[in-house]
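Visitor: structure of the sequence below:
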Amino acid sequence: KVDYDVCSNYGNWLYSAGIGNDPRDSRKFNMIKQGLDYDGNGDYVRLWVPELQGIKGADIHTPWTLSSAALSQAGVTLGETYPQPVVTAPEWSRHIHQRPGGSPHPRGRRGPAQHKDRGIDFYFSRKKDA
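Guide: Presented below is the predicted three-dimensional model:
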């Protein structure tokens, strides 16, 4: 059985994207942080963005920050084989070149390790043994 509510799901996606009503000021969706948290090694990006397959590890989330030698070795030419970023948000800078599971998260959580047990039961509380 799947518990699904179209309105709630749509609202949650909008909230996660940082659009719509939000009580916090200047809330933005941080793509770099999300990439490191949920795809620390870049496997998902590598699957769907074949132009970046030659970039190793978490660097795949920020290819525009790599040296020209690293890009050349990966077979990537920014502006030709892969586009330059349209914008770069200042909030991304603290996550660029961060290694998954490396430096602690500002609120005390760590990179992808915090999500390793998340699956279908993520939204459901688990019963504690008595």
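Visitor: show me what counts as buried in stretch 53-63.
Guide: 54-55, 58-63 (16 or more other C-beta atoms under 10 Å). C-beta coordinates here come from the backbone N, C-alpha and C atoms, glycine included.
Visitor: same check, this time on stretch 32-40
Guide: 32-33, 35-37, 39-40.
Visitor: need those residues in CSV (columns: distance to Glu91, pLDDT and secondary structure).
Guide: Shown next, in CSV, are these (distance: C-beta to C-beta, whole Å; pLDDT from 0 to 100; DSSP: H, G, I helix; E, B strand; the rest coil):
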residue, distance to Glu91, pLDDT, secondary structure
Ile32, 8, 89, helix
Lys33, 8, 87, helix
Gly35, 13, 91, helix
Leu36, 13, 91, helix
Asp37, 14, 89, helix
Asp39, 18, 93, coil
Gly40, 19, 92, coil
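Visitor: just give me the closest of these to Ser68.
Guide: Closest approach to Ser68 among those (C-beta to C-beta): Ile32, at 20.8 Å.
Visitor: how much space between that closest one and Ile96?
Guide: 6 Å (C-beta to C-beta, to the nearest Å).
Visitor: need the residues touching each of these two.
Guide: Thr62 (C-beta atoms under 8 Å, 6 or more residues apart in numbering).
Visitor: Leu47 sits in which helix or strand?
Guide: Element membership of Leu47, judged by DSSP states H and E, is helix 43-48.
Visitor: any idea which helix or strand comes after that helix?
Guide: Assignment by DSSP H and E places the next element after helix 43-48 at helix 68-74.
Visitor: what's that next one packed up against?
Guide: Helices and strands touching helix 68-74, by 3 or more C-beta pairs under 8 Å, 6 or more residues apart in numbering; DSSP states H and E: there are none.
Visitor: buried ones in it, by neighbour count?
Guide: 71, 74.
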